[in-house]
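Novice: Kindly generate the corresponding structure for this input.
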Amino acid sequence: MEWWTTSFDTVQQWLFEAVVQPLMFAAGLASFLEDGYRATGWLLVGILQLLVIVGLFAPLQRWRPVEPLTDRAAVRTDIVYTLLHRLGLFRLGLFFAIDPLWDSLFGRLRVGGLHTFQLDSVWPGVTDGSWVSLLLYLVAFDLLDYWIHRGQHRFEWWWRLHALHHSQRQMTMWSDNRNHLLDDVLRDSLIVVVAQLIGVAPGQFVAIVAVTQLSESFQHANLRLWFGSVGERLWISPRFHRMHHAIAQAQSHRSARGSNFGVLLPWWDMLFGTANFERLFGPTGLRDQVEPGPDGRVRDYGQGFWAQQWRGLLRLAGRA
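Specialist: Take a look at the predicted model:
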């Protein structure tokens with residue numbers, strides 16, 4: 001881990017000094033240089049992820065696709081979502097709009113006596129080792145993500161936002177980030193709160209987010225692949241997650257129905273009775289996209305980034 005950390009820091013420093021810092025000076029943002037350096041770390045992580053997606057996941061999709069690509073316009077829209085998130089543009093918006101509120105809140109709480117619980121200190125000499133603590137936090141955040149995902153399906157108002165993610169009829173390696181921006185803000189806010197409460201180190205948090213995002217891109221790939229009877233129960237495969245997106249699934253926010261809510265580990269689905277290990281690669285999307293409603297029409301989730309965001313707001317307001 002020390003080798004990896006040193007190498008990453010070296011490249012981050014070079015990228016900051018060669019590209020980011022001059023741009024910040026030119027934009028009159030010299031007072032934010034420290035924040036800019038941290039943002040450079042997220043930018044570097046995103047660049048590395050994109051290299052893996054294009055260099056590894058794309059050949060795999062061409063090797064064993066589940067279905068032919070027929071809606072390339074939808075895929076191009078998903079690429080926009082991916083670039084928005086992986087290159088840090090969404091995080092930059094949070095920095096100016098949301099982060100000051102969180103900083104103020106946690107500052108007040110700490111002044112009031114709130115102390116952070118260090119999860120990696122529960123077993124001194126064991127859980128505070130670099131690799132052990134990283135895995136411990138990875139499991140903890142994955143459990144949190146599982147329950148966030150259950151909430152996105154369970155609560156009607158939240159489902160109206162999250163449904164955009166399930167409107168993907170053409171799933172590819174670019175599809176993971178197709179979410180309503182409000183849905184992303186809610187999820188990220190919950191994760192930030194927990195991160196503050198359990199004391200994850202900034203470097204470990206970046207690593208956890210990077211591993212999670214890259215695995216999610218792989219899970220959404222148009223790839224006919226599963227990990228075998230044992231492997232399917234150790235890490236979530238494209239087959240396991242595609243079942244979650246299948247039209248045949250019970251897409252209901254009104255009950256605990258549905259399956260395969262896990263983000264990285266299938267353990268939580270197995271533990272809480274929501275795992276489905278059928279070896280199926282069915283069509284994806286939502287039932288109301290293919291079956292007309294009482295008015296005789298199918299639901300329109302929008303074509304293109306801005307249309308999808310707008311229609312999500314209309315659904316949230318009960319007007320779509």
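Novice: how long is stretch 289-299 from one end to the other?
Specialist: Stretch 289-299 has an end-to-end distance of 5 Å (C-alpha to C-alpha, to the nearest Å).
Novice: contacting residues around that stretch?
Specialist: Counting by C-beta atoms under 8 Å, 6 or more residues apart in numbering, stretch 289-299 makes contact with Ser167, Arg169, Ile247, Leu286, Asp288, Tyr301, Ala320, all of which sit outside it. In short, each C-beta sits where N, CA and C put it, glycine included.
Novice: and which of those is nearest to Leu223?
Specialist: Arg169 (16.5 Å; C-beta to C-beta).
Novice: And the next helix or strand past the helix or strand of the chain at the bottom of the mean pLDDT ranking?
Specialist: Least confident helix or strand, the chain: helix 99-111 with a mean of 75, by mean pLDDT, DSSP states H and E. Counting by DSSP states H and E, the next helix or strand C-terminal to helix 99-111 is helix 130-154.
Novice: so what does that following helix touch, helix or strand wise?
Specialist: helix 156-166, helix 181-198, helix 202-219, helix 267-271 (3 or more C-beta pairs under 8 Å, 6 or more residues apart in numbering; DSSP states H and E).
Novice: so can I have a markdown table of these showing distance to Gly107, mean neighbour count and mean pLDDT?
Specialist: Shown next, in a markdown table, are the helices and strands packed on helix 130-154 (distance: least, C-beta to C-beta, whole Å; neighbours: other C-beta atoms under 10 Å; pLDDT from 0 to 100):
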| stretch | distance to Gly107 | mean neighbour count | mean pLDDT |
| --- | --- | --- | --- |
| helix 156-166 | 29 | 20 | 96 |
| helix 181-198 | 11 | 17 | 93 |
| helix 202-219 | 17 | 18 | 94 |
| helix 267-271 | 33 | 17 | 97 |
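Novice: Ok, which of those helices comes nearest Phe96?
Specialist: Closest of these to Phe96 is helix 181-198, at 12.9 Å (criterion: C-beta to C-beta).
Novice: re the thing from before, Serialize the helices and strands packed on helix 130-154 to JSON lines and add fields for distance to Glu232.
Specialist: Shown next, in JSON lines, are those (distance: least, C-beta to C-beta, whole Å):
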{"stretch": "helix 156-166", "distance to Glu232": "22"}
{"stretch": "helix 181-198", "distance to Glu232": "25"}
{"stretch": "helix 202-219", "distance to Glu232": "12"}
{"stretch": "helix 267-271", "distance to Glu232": "10"}
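Novice: Of those helices, which is nearest Gln21?
Specialist: Closest to Gln21 of the helices and strands packed on helix 130-154, according to C-beta to C-beta: helix 202-219, at 19.4 Å.
Novice: now that closest one and helix 181-198, what's the angle there?
Specialist: 140 degrees (axes from the mean of the first three to the mean of the last three C-alpha atoms, to 10 degrees).
Novice: Give me the residues contacting the helix or strand following helix 202-219.
Specialist: Using DSSP H and E, the helix or strand that follows helix 202-219 in sequence is helix 228-231. For helix 228-231, the external contacting residues (C-beta under 8 Å, 6+ apart) are Ser237.
Novice: Tell me which of the helices and strands packed on helix 130-154 approaches Trp3 most closely.
Specialist: Here helix 202-219 is closest among the helices and strands packed on helix 130-154 (C-beta to C-beta), at 13.8 Å.
Novice: Which neighbouring elements make contact with that closest one?
Specialist: helix 33-52, helix 72-86, helix 130-154, helix 238-245.
Novice: List just the one of these that sits closest to Trp267.
Specialist: Of the helices and strands packed on helix 202-219, the one closest to Trp267 (C-beta to C-beta) turns out to be helix 130-154, at 8.4 Å.
Novice: Select only the buried ones of the contacts of stretch 289-299 in PyMOL?
Specialist: Applying 16 or more other C-beta atoms under 10 Å to these, the buried members can be selected in PyMOL as follows:
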select buried, resi 167+169+247+286+288+301
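Novice: Spell out which two among the contacts of stretch 289-299 are the most distant pair, please.
Specialist: Most distant of the contacts of stretch 289-299, by C-beta to C-beta, are Ile247 and Ala320, 19.9 Å apart.
Novice: Now do the phi/psi pair for Thr284.
Specialist: Main-chain dihedrals, Thr284, degrees, to the nearest 10: phi -110, psi 160.
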